[in-house]
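1. got a sequence here, can you model it:
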Amino acid sequence: MNRTLRFVLPLTMLALLSFPHRAPAPIIYREGEGFNTGDLSDIEIKKNAEEQFKLAQRYEADGDYKRAGASYRLVVHRFPRSDIASEAQFKSGQMLEKDGKLQQAFYEYQALVQKYPRSSEFEAALQAQYTIGKVYLDGKRVDIYGVPTLPSMAKAQEMFQKIVVNAPYSRVAPLAQYGIGQALEKSGSITATVNAYQQVVDRYPSSDVAPNAMYQIGYVYFQASRETGYDQTAAVRAQEAFEDFLLRYPNSEKAPQAQDNIKALQGRKTENSYTIAQFYDKQKNYKAAYVYYNEVVEQQPASPQATRAKQRMDQIRSKVGDAALQIGAKGTGTAQVGDQHRLQAQADTARRPDFVGPPPPAPSPAPTPATPPAPNLDQPAPEQKPTGTAPNVTPTPVESALPSQ
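-> Numbering: from 1, shown residues only. Alright, predicted model coming up:
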């Protein structure tokens, strides 16, 4: 044993003196990434935070962002209470960004927000997080084990949500909350999208994005109203949302677009009523047909459909007589407009076994209350018209692009 030590100890000492002091490659766990070695194995360990920070700066100046980031992280790891630890944490995120590792960069900034909330880099870290989230919102693919996959709105939503939770009263919080709505809208969730946009309006009514959020509530319903041809429930909610938007933000640059969308909704409603009237007319259900022809006249009296509807209403009166137009009258006829509620209760033909007409459209889901509670967006659903509606007719709507940040 002693002989062995005589040879081993000198060789060991010689090896230690022959190579500079290097930092090992630590095993690091980062949220959203799992375990990885993280840093390079040939970064020198300096005696104090200042020297380690200056080494990182030299690497950064040379464009070696990997070693610079690793050296900045050593400052945080070895000297977490030093005056420059928070700056080193921020610089670590920047180096990862420059190296194209956005997900890792996001969580480096997240570490700064959590560990150094009083840091002078706090707001800058939040802004950097928002910028990264926006990149994913715009379609950047999510990396899994270094391999880009499909674009992920869930990843963008997660990032924006962390910003709102980290600093709900920060300058970027309204933008992040709006980003949550945008990510959900691209995912196709109507109720969750409306709730997210409503939280922008409720929490940050004076922010620059509040008008855009309120407009988007109407636009989400506007889009939903035409997915199945014509969804009357969604159309009603869309019109109400646009009207609320115009009342609250009459000078918004989106006001003309909202007005055009309301006109489009009204035109579609009139066209839908006229199509339903024609369907009942062909079925010789003159009571129901008369009700819908009259709706066309009331909705848009100057429209071409209204002119045709008036002519057909005169023909129906001549054909069946005024007596047959009374509610409760037997035989083929129609009802007076003021008694539509009773007529609709009698004309529920979709429940009859011999019904051959098309089914009524399924209503769009109403938004659920959010936390903090958002105003109840559910409005009373419009009264059910006699079922067995005709094929839907959809005019070309006026669409709007998502507001740019």
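2. in this protein, which spans are strands?
-> 28-30, 34-36, 141-144, 147-151 (DSSP state E).
3. and the last one, what's its mean pLDDT?
-> Just to be clear, that refers to strand 147-151. Across strand 147-151, pLDDT averages out at 60.
4. and if you look at the first one?
-> Strand 28-30 shows an average pLDDT of 43 in the prediction.
5. per-residue confidence for D208?
-> Reported pLDDT for D208: 94.
6. for it, give its distance to I217.
-> 17 Å (C-beta to C-beta, to the nearest Å). C-betas here are computed from N, CA, C, even on glycine.
7. of those two, give the one with the bigger neighbour count.
-> Neighbours were counted for D208 and for I217 using other C-beta atoms under 10 Å; I217 has more, 27 against 12.
8. so what pLDDT did Q94 get?
-> At Q94, pLDDT is 97.
9. with D99 instead?
-> On the pLDDT scale, D99 gets 93.
10. what's near enough to touch it?
-> Contact analysis of D99 by C-beta atoms under 8 Å, 6 or more residues apart in numbering lists Y65, K66, G69.
11. what do you get for N48?
-> F79 are the contacts of N48 under C-beta under 8 Å, 6+ apart.
12. and it, how far is that from D83?
-> 11 Å.
13. same check, this time on E44
-> E44 is 21 Å from D83, by C-beta to C-beta.
14. neighbour-wise, which of those two wins?
-> E44 (14 against 9).
15. the more buried one against A56, yeah?
-> No - with contact defined as C-beta atoms under 8 Å, E44 does not count as touching A56 (10.6 Å).
16. for Q305, report the pLDDT, please.
-> Taking Q305 on its own, its pLDDT is 68.
17. got any ranges where the stretch 1-150 of the chain has weak pLDDT?
-> 1-41, 143-150 (pLDDT under 70).
18. all helices of it, in order?
-> Secondary structure of the stretch 1-150 of the chain by DSSP state H, counting those that start in this stretch: the helices cover 2-18, 49-61, 65-78, 85-98, 102-115, 122-137.
19. the fourth one - contacts with which helices or strands?
-> This points to helix 85-98. helix 49-61, helix 65-78, helix 102-115, helix 122-137 (3 or more C-beta pairs under 8 Å, 6 or more residues apart in numbering; DSSP states H and E).
20. select, out of the ones you listed, the one closest to I316.
-> Across those, the minimum distance to I316, taken as C-beta to C-beta, is reached by helix 122-137, at 54.6 Å.
21. helices or strands next to the closest one in the packing?
-> Using 3+ C-beta pairs under 8 Å, 6+ apart: helix 122-137 touches helix 85-98, helix 102-115, helix 153-166, helix 173-187.
22. now distance to L74 and mean neighbour count too, for the ones you listed, in a markdown table please.
-> As requested, those are arranged in a markdown table below (distance: least, C-beta to C-beta, whole Å; neighbours: other C-beta atoms under 10 Å):
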| stretch | distance to L74 | mean neighbour count |
| --- | --- | --- |
| helix 85-98 | 8 | 23 |
| helix 102-115 | 14 | 22 |
| helix 153-166 | 25 | 21 |
| helix 173-187 | 31 | 23 |
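23. tabulate these (TSV), appending distance to V291.
-> Formatted as TSV, the helices and strands packed on helix 122-137 follow (distance: least, C-beta to C-beta, whole Å):
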stretch	distance to V291
helix 85-98	63
helix 102-115	58
helix 153-166	44
helix 173-187	37
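24. closest to N272 out of those helices?
-> That would be helix 173-187 among the helices and strands packed on helix 122-137, by C-beta to C-beta, at 25.2 Å.
25. ok, and what's touching that closest one?
-> Residues contacting helix 173-187 (C-beta under 8 Å, 6+ apart): 130, 133-134, 137, 153-154, 156-157, 160-161, 163-164, 167, 192-193, 196-197, 199-200, 203-204, 207-210, 212-213, 216, 220, 402, 405.
26. pLDDT on it, on average?
-> 96.
27. quick one: it to helix 153-166, angle?
-> Computed by axes from the mean of the first three to the mean of the last three C-alpha atoms, to 10 degrees, the angle separating helix 173-187 from helix 153-166 equals 160 degrees.
28. could I get the CA-only coordinates of helix 173-187 as PDB?
-> Taking Å, rounded to 0.1, in the frame of the first residue of the first chain, the C-alpha atoms of helix 173-187 are listed here in PDB:
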ATOM      1  CA  ALA A 173     -49.200  43.000 -17.700                       C
ATOM      2  CA  PRO A 174     -52.100  44.400 -19.900                       C
ATOM      3  CA  LEU A 175     -50.200  43.300 -23.000                       C
ATOM      4  CA  ALA A 176     -49.600  39.800 -21.500                       C
ATOM      5  CA  GLN A 177     -53.300  39.400 -20.600                       C
ATOM      6  CA  TYR A 178     -54.200  40.500 -24.100                       C
ATOM      7  CA  GLY A 179     -51.700  37.900 -25.400                       C
ATOM      8  CA  ILE A 180     -53.500  35.200 -23.500                       C
ATOM      9  CA  GLY A 181     -56.700  36.100 -25.300                       C
ATOM     10  CA  GLN A 182     -54.900  36.000 -28.700                       C
ATOM     11  CA  ALA A 183     -53.400  32.600 -27.900                       C
ATOM     12  CA  LEU A 184     -56.800  31.200 -26.900                       C
ATOM     13  CA  GLU A 185     -58.500  32.800 -29.900                       C
ATOM     14  CA  LYS A 186     -56.000  31.000 -32.200                       C
ATOM     15  CA  SER A 187     -56.800  27.800 -30.400                       C
END
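29. tell me what angle it forms with helix 122-137.
-> Going by the same axes, to 10 degrees, helix 173-187 makes 10 degrees with helix 122-137.
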